[in-house]
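Undergrad: My questions are about this predicted structure, shown below with the sequence.
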Amino acid sequence: MRIQTSQTALERGLSIVSHAVAARHSLDQLRHVHMLVAEDGVRLTATDTEIALIAQIDASIAETGAITVPHRFLHDLVSSLDGGDVELSVAADSQVVQIRASDANESSIHGMSADSYPHIPDQSDGDTIKIVASELRDALKHVVFAAASDDGRPVLTGVHFTFNGTQMTLAAADGFRLAVYDMQVASELSEQLEITVPARALRELERLLSDSDSTVDLYLHSDRSYVRFHLPTTQLTAQLIQGNYPTYDQLIPSEYQTRVVLLGDTLQQSVRSAAVFARESSGIVRLRFHGGEEERGITLTARADELGAHRGEVGASVEGEDSRIAYNVRYLQEALQVASGPAEIAMETSGPSNPGVFRVVGRDNYVHVLMPMFVQWEDS
């Protein structure tokens, strides 16, 4: 095998696939990058058996072939080169990659046979759904953060996708919060379908997606065991999480006693100040909603044991009766981050022991439900 490419293109490709390289694994090749040189191009692949990333790079191809190379070693070497062109070659019946750079650097790295590298499923029989890249990125931003981070209930470490006609619904929950986002897709399946995609894979996908109107192809294998996302020069494959996702519709309150509307940025700033104190204690921030004519808005309080206390006032439009609720400050901040900028948010509550609901005003395709914390309340 022999190719010539730019140092920039090779480094970029190695960086893209780096997030799928296994940091620690008994199988040495999972710490390698698989390099396939075919007549139609060069593909770099990395996998930890749960997700796989494939990056296509531009290159001038002299001889085809395939090999695996220790990823970190190759990436560090290529990153150290001073731009220009790079030539990679492997002699027949050899597992050594010769690397020659335009600045007269010459190196050799011992690789392994590509034949024993884990198989990455190819696209065969299945379904393909076309999604606008910028819209998918926005959906992931609103949902993925709410997935569980521990493996106590494996299905909750994923994001649940429901396909129904041209509508796609994404939902994530961890037992303390729930985020649900509806969007339209450019193509539809002939039947309703539900799958659960690992949140880790979707975080990588969000990183790769652009804000353009280009199309992403979501490919579902016929046995529904894995999903693949096709971007212009990158592919991401992930094993689907098996198991029944909880029925979440019934967790979204249909009524409220108090509804508060204000700019998301305004509330974020106030919560940011309260968080300084809440993080030093039990992570609790208390919110009181005032609907009276003289005092209309929100009071936020937080205490840090033996250190001090914080109280903040935020003006807001309040509908309904006075109310109060306490939240985990980290969960509250993450819920508010998706409404950053000039957007208004609406908070709906039905008392301190019932879930709170967050919505973006003017967008009926997103809802975030947050469980309250049970605290002692002072009368004042």
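TA: Alright, I've got the coordinates.
Undergrad: Mind telling me what element His142 is part of?
TA: Taking DSSP states H and E as the definition, His142 sits inside helix 133-143.
Undergrad: CA atoms of that helix as PDB?
TA: C-alpha atoms of helix 133-143 as PDB (Å, rounded to 0.1, in the frame of the first residue of the first chain):
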ATOM      1  CA  ALA A 133     -27.900  18.400   9.800                       C
ATOM      2  CA  SER A 134     -28.600  21.700  11.600                       C
ATOM      3  CA  GLU A 135     -32.000  20.500  12.800                       C
ATOM      4  CA  LEU A 136     -30.600  17.200  14.100                       C
ATOM      5  CA  ARG A 137     -27.900  19.000  15.900                       C
ATOM      6  CA  ASP A 138     -30.400  21.300  17.600                       C
ATOM      7  CA  ALA A 139     -32.500  18.300  18.700                       C
ATOM      8  CA  LEU A 140     -29.500  16.600  20.200                       C
ATOM      9  CA  LYS A 141     -28.600  19.700  22.100                       C
ATOM     10  CA  HIS A 142     -32.000  19.800  23.700                       C
ATOM     11  CA  VAL A 143     -32.100  16.100  24.700                       C
END
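Undergrad: Give the buried residues for the helix or strand just after that helix.
TA: Counting by DSSP H and E, the next helix or strand C-terminal to helix 133-143 is strand 158-164. If you call a residue buried by 16 or more other Cβ atoms under 10 Å, then strand 158-164 has these buried ones: Gly158, Val159, His160, Phe161, Thr162, Phe163. To be clear about C-beta, it is placed using only N, CA and C from the backbone, and glycine gets the same treatment.
Undergrad: can I get these in TSV with pLDDT and distance to Leu220?
TA: Listed next are these as TSV, based on pLDDT from 0 to 100; distance: Cβ to Cβ, whole Å:
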residue	pLDDT	distance to Leu220
Gly158	97	15
Val159	98	15
His160	98	14
Phe161	96	9
Thr162	95	13
Phe163	93	9
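Undergrad: Low-confidence bits of the stretch 101-250 of the chain, can you list those?
TA: 123-124 (pLDDT under 70).
Undergrad: any chance you could map the strands in it?
TA: Taking DSSP state E, counting those that start in this stretch, the strands of the stretch 101-250 of the chain run over residues 106-110, 126-132, 158-164, 167-173, 177-184, 193-198, 215-221, 226-230, 234-239.
Undergrad: Specify the stretch among these that is closest to Glu280.
TA: Within the strands of the stretch 101-250 of the chain, the stretch nearest Glu280 is strand 177-184; the backing value is 22.6 Å (Cβ to Cβ).
Undergrad: Tell me which other helices or strands that closest one touches.
TA: Counting contacts by 3 or more Cβ pairs under 8 Å, 6 or more residues apart in numbering; DSSP states H and E, strand 177-184 packs against helix 133-143, strand 167-173, strand 366-370.
Undergrad: picking that back up, which helices and strands sit right next to the helix holding His142?
TA: Counting by 3+ Cβ pairs under 8 Å, 6+ apart, helix 133-143 packs on strand 167-173, strand 177-184, helix 199-208, strand 215-221.
Undergrad: Among these, which comes closest to Arg286?
TA: strand 177-184 (17.9 Å).
Undergrad: Please tell me how far the residue positioned nearest the centre of the chain sits from Thr45.
TA: By Cα atoms, centre = their mean, the mean C-alpha position of the chain lies nearest to Arg203, the distance being 2.2 Å. Per Cβ to Cβ, to the nearest Å, Arg203 is found 19 Å from Thr45.
Undergrad: Then Glu135?
TA: 28 Å.
Undergrad: hang on, the earlier thing: any chance of CSV for the strands of the stretch 101-250 of the chain, columns distance to Gly351?
TA: As requested, the strands of the stretch 101-250 of the chain are arranged in CSV below (distance: least, Cβ to Cβ, whole Å):
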stretch, distance to Gly351
strand 106-110, 64
strand 126-132, 39
strand 158-164, 28
strand 167-173, 21
strand 177-184, 18
strand 193-198, 32
strand 215-221, 41
strand 226-230, 40
strand 234-239, 40
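Undergrad: Out of the ones you listed, which gets nearest to Tyr366?
TA: Nearest of these (Cβ to Cβ): strand 177-184, 5.0 Å.
Undergrad: Listing partners with orientation, what would you give for the closest one?
TA: Sheet pairing of strand 177-184 (DSSP bridges) gives strand 167-173 (antiparallel), strand 366-370 (antiparallel).
Undergrad: Can you tell me what sits against the longest helix along the chain?
TA: Longest helix in the chain, counting residues (DSSP state H): helix 264-278. Identification of contacts with helix 264-278 by Cβ atoms under 8 Å, 6 or more residues apart in numbering yields 284-285, 298, 300-304, 307-310, 312, 314-316, 329-330, 332-333, 336-337, 339-345, 360.
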